[in-house]
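[1] here you go, sequence then predicted model.
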Amino acid sequence: MSNVFSLFEKRIRNAVQSLEIEGISSQLISRITVEPPRDPAHGHLATNAAMVLAKPAKMNPRVIADQLVAIISADSDVASVDIAGPGFINLRLTDGFWAQHLTDIVSSGTRFGAASAGSKSKVNVEYVSANPTGPMHVGHCRGAVVGDALANLLAFAGHDVTREYYINDAGGQIDVLAKSVFLRYREALGQAIGAIPEGLYPGDYLVPLGEKIAQTHGDSLLAMDEAQWLPLIKEAAIDAMMDLIRSDLAALGVRHDVFFSERSLHAGGAENSLISKAIARLTDMGLVYKGTLPPPKGTKPEDWEDREQMLFRSTDVGDDMDRALMKSNGDFTYFAADVGYFQDKFDRGFSEMIFVLGADHGGYVKRMEALGRAISDGASKVTIRLCQLVKLFRDGEPVKMSKRSGEFITLREVVDEVGRDAVRFMMLYRKNDAPLDFDFAKVTEQSKDNPVFYVQYAHARCHSIFRQAANDMPDMPQGQDAWAGADMSLLSDEGETALARKMAEYPRIIEAAAAAHEPHRVAFYLYELASQLHAQWNRGRDYPALRFINQENAPSTLARLALVSAVSNILASGLGIIGADAPEEMR
RNA sequence: GGUCCCGUAGCUCAGCAGGAUAGAGCGUCGGAUUCCUAAUCCGAAGGCCACUGGUUCGAAUCCAGUCGGGAUCACCA
């Protein structure tokens, strides 16, 4: 058990059970928590056990606490116990326990905090899923990073994670793309195309594709009807755009295991497509009917008209209104494709399906949750994380973008300018449901304004210490084996023990962040850990006896290097989850 | 009008499935480099946690409502 808090949570719950107080249910016992106290003066661990039990047991919390203290203080790992405030029980653990725990952390290397092998649940994380109509722009950045880091986090926390990208390659925007490419193709053949008409994609990034098609097909497409060239160009355009997107994502360090094509859901026609089969299932469940939808409340669209359509009775499964499955022309709606898609995901055995979406998809959440409930009958959980907007600033001035003119900032430009690590860290240095201001100047600045450099520097500093030690004390063994054998009980300075306790929180942070789907917690934790390392380093300035390297005292130096290695490993591990490098030196 | 998110220090934000005296960075003021990287550290000042009720031993946190700010709202994708 590498999580100190859950270890003692278990012990205290056992102690509570052994008290055999009447009226104590197991559900009540699950409310007992063990956490680090806010104020370090209160000890190492604090539990609310007595306060949770007091009322149901009709006892004074102090009385319960006294009984618990009698049991807990018999624990050989516990140095002292006291009761404080309204009934908190505060524990201090023995030096021997902490020394052993530090050794455990050191020996675990960068796997410290990772879930030990157990039943891995299959989780699907879908993120990015940008339309394949052009390069990624900054707006996609946040979701990409949050999704990728969340996937990293869940994998580290012991889940079997599939990273998925849903390619919206079936809709009308793909026809628009193909027509835009066709124009570029004609341009490549020397035809004058003039200004790009309204409604088509004006971006230059389609020029090379037009040229490529001109090379492979010559002018043969010019003689065809649109119905003939459209599928040809569509195919090539989707491939080219996905290549573009994949390379943009690679620049951000984002990767996916599965690229799922929306078009593949339509394949097979009205009888055999995944969509029709999934809808047939919903129909069997009585969740599909023909009817008309009421107009939205409040705003009444001027062009409102009643139309009878095939509808999904999503109100039966928690939605606010029923949803259209089929357009009046007989085509499936976008949502109908989702029905097939959700069915496919469910059939692949995921116990949780997570979607990381932009805030503009807020209105889509309920129907997705409803769909998940209908299809899996509660067996698979649908979780949606919305990322709020990112506002771009340059030197305090908002950066204006216009989609119409094609003047948008691409993801690639941002990565090129500020670097992958900074982009990723900044996107995670905020909880995802809060808007985010992103200032180019600040993010590029290599200063304390910039948490990325702060954390990376702490990691580099650890390695600088190792280099210095190797230089000053060449006989000093280094490496995980040597450090795991260090006598950690030699670490008695309060800064050192505080560092040890901070590190002990890492598994707890990972667990909680994974459960809440909040990767930003890891970023904040890393900042705090880095801060404590920097502080301890500087204490060595004021008190030379506290320096990590002491040539007069090899055993102490070895223990301190082991401590530093543990910090270094956690920083590297956390930066790995965030998707940023952990450099060994920064110059 | 419906739905969702946000409202915490001058500014930008944390606050861990309710817990003890609400935290950090920036900014302001005052300090620390013969020293393992000062890209760092230490200290001070600064808060009616939007407002009003409710739930309970206990609320920034949960619930209801109010007021602000943002997103979204029938065949689009």
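    Great, that's in hand.

[2] show me what whichever strand or helix holds A:Q468 is packed against.
    Here A:Q468 sits within helix A:451-472, counting by DSSP states H and E. In terms of contacts (3 or more Cβ pairs under 8 Å, 6 or more residues apart in numbering; DSSP states H and E), helix A:451-472 is packed against helix A:420-428, helix A:520-542, helix A:554-578. From N, CA and C alone the C-beta is placed, and that goes for glycine too.

[3] is RNA strand B contacted by it?
    Yes - Helix A:451-472 reaches RNA strand B (Cβ under 7 Å from any atom of the strand) through A:453-454, A:457, A:460-461, A:464-465, A:467-468.

[4] isn't A:L28 right up against A:K55?
    No - contact criterion Cβ atoms under 8 Å: A:L28 and A:K55 do not qualify, at 9.7 Å.

[5] okay, now the nearest residue to A:S273 once chain neighbours are set aside: neighbour count?
    Nearest in space to A:S273, with sequence neighbours left out and distances taken as Cβ to Cβ, 6 or more residues apart in numbering, is A:H266 at 5.4 Å. Neighbours of A:H266 under the rule other Cβ atoms under 10 Å: 19.

[6] one step back: so between A:L28 and A:K55, which is more surrounded?
    Between A:L28 and A:K55, A:L28 has the larger neighbour count (other Cβ under 10 Å), namely 16 against 11.

[7] rewinding a little: what angle separates the helix holding A:Q468 from helix A:554-578?
    In terms of direction (axes from the mean of the first three to the mean of the last three Cα atoms, to 10 degrees), helix A:451-472 departs from helix A:554-578 by 150 degrees.

[8] any residues touching helix A:451-472, and which ones?
    A:421-422, A:425-426, A:429, A:443, A:446-448, A:476, A:478, A:523, A:526-527, A:529-531, A:533-534, A:537, A:548-549, A:551, A:557, A:561, A:564-565, A:567-568, A:571-572, A:574-575, A:580-586 (Cβ atoms under 8 Å, 6 or more residues apart in numbering).

[9] residues in contact with the residue in the stretch 101-250 of chain A positioned nearest to RNA strand B?
    For the stretch 101-250 of chain A and RNA strand B, the shortest gap (Cβ to the nearest atom of the strand) falls at A:G171, measuring 2.3 Å. Going by Cβ under 8 Å, 6+ apart, A:G171 touches A:131, A:262, A:334.

[10] distance of it from A:R184?
    To A:R184, A:G171 is 21 Å away according to Cβ to Cβ, to the nearest Å.

[11] what distance separates the longest helix seen in chain A from the centre of its chain?
    Identified as the longest helix of chain A according to DSSP state H is helix A:226-252. Offset of helix A:226-252 from its chain centre (Cα atoms, centre = their mean, to the nearest Å): 27 Å.

[12] mind listing what's buried in it?
    Buried residues in helix A:226-252, defined by neighbour count with 16 or more other Cβ atoms under 10 Å: A:229-230, A:232-234, A:236-238, A:240-242, A:244-246, A:248-249, A:251-252.

[13] check stretch A:497-508 too.
    Residues of stretch A:497-508 classed as buried by neighbour count (16+ other Cβ under 10 Å): A:497, A:499-508.

[14] repeat for stretch A:155-168
    A:155-159, A:161-168.

[15] just send the helices and strands packed on helix A:451-472 back as CSV, with distance to A:Q67 and mean pLDDT too.
    Shown next, in CSV, are the helices and strands packed on helix A:451-472 (distance: least, Cβ to Cβ, whole Å; pLDDT from 0 to 100):
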stretch, distance to A:Q67, mean pLDDT
helix A:420-428, 44, 92
helix A:520-542, 35, 93
helix A:554-578, 37, 95
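
[16] go through the ones you listed and name the closest to A:A484.
    helix A:554-578 (7.3 Å; Cβ to Cβ).

[17] what helices and strands are in contact with that closest one?
    When contacts are defined as 3+ Cβ pairs under 8 Å, 6+ apart, helix A:554-578 packs onto helix A:95-108, helix A:138-156, helix A:420-428, helix A:451-472, helix A:480-484, helix A:494-504, helix A:506-516, helix A:520-542.

[18] and the angle for that helix with helix A:138-156?
    In terms of direction (the same axes, to 10 degrees), helix A:554-578 departs from helix A:138-156 by 130 degrees.

[19] helix A:554-578: how far from the chain's middle?
    Relative to its chain's centre, helix A:554-578 lies at 24 Å (Cα atoms, centre = their mean).

[20] can I assume A:P202 sits in a helix?
    No - secondary structure of A:P202 (DSSP: H, G, I helix; E, B strand; the rest coil): coil, not part of a helix.

[21] run a quick neighbour tally on it.
    Around A:P202 there are 17 residues (other Cβ under 10 Å).

[22] could you do A:S531 as well?
    A:S531: 14 surrounding residues under other Cβ under 10 Å.

[23] what residues are up against it?
    So A:S531 contacts A:Y454 (Cβ under 8 Å, 6+ apart).

[24] distance check, it against RNA strand B.
    As judged by Cβ to the nearest atom of the strand, to the nearest Å, A:S531 and RNA strand B stand 5 Å apart.

[25] can you read off the pLDDT for A:D449?
    In the prediction, the pLDDT value recorded for A:D449 is 65.

[26] brain fart, A:H217
    A:H217 is assigned a predicted lDDT (pLDDT) of 95.

[27] kindly report the same for A:A117.
    62.

[28] with A:S402 instead?
    On the pLDDT scale, A:S402 is placed at 59.

[29] ok, A:F440 next?
    For A:F440, pLDDT reads 81.

[30] what is the neighbour count of it?
    A:F440: 18 neighbours (other Cβ under 10 Å).

[31] next, the distance between the ends of stretch A:69-89.
    This stretch, stretch A:69-89, spans 8 Å end to end (Cα to Cα, to the nearest Å).

[32] which residues touch that stretch?
    Under Cβ under 8 Å, 6+ apart, the answer for stretch A:69-89 is A:11-12, A:15, A:18-19, A:37, A:42-43, A:46-51, A:54, A:61-62, A:64-66, A:68, A:90-97.

[33] restricted to strands, list the residues you listed.
    Here DSSP state E is the test, and the contacts of stretch A:69-89 give A:46-47, A:90-93 as lying in strands.

[34] now do the contacts for the residue positioned nearest the centre of chain A.
    Per Cα atoms, centre = their mean, the C-alpha nearest to the average position across chain A is that of A:L150, at 1.9 Å. Going by Cβ under 8 Å, 6+ apart, A:L150 touches A:125, A:127, A:354, A:356, A:385, A:517, A:519.

[35] run the last query once more with 7 Å
    Neighbour list for A:L150: A:125, A:354, A:356, A:517, A:519 [criterion: Cβ atoms under 7 Å, 6 or more residues apart in numbering].
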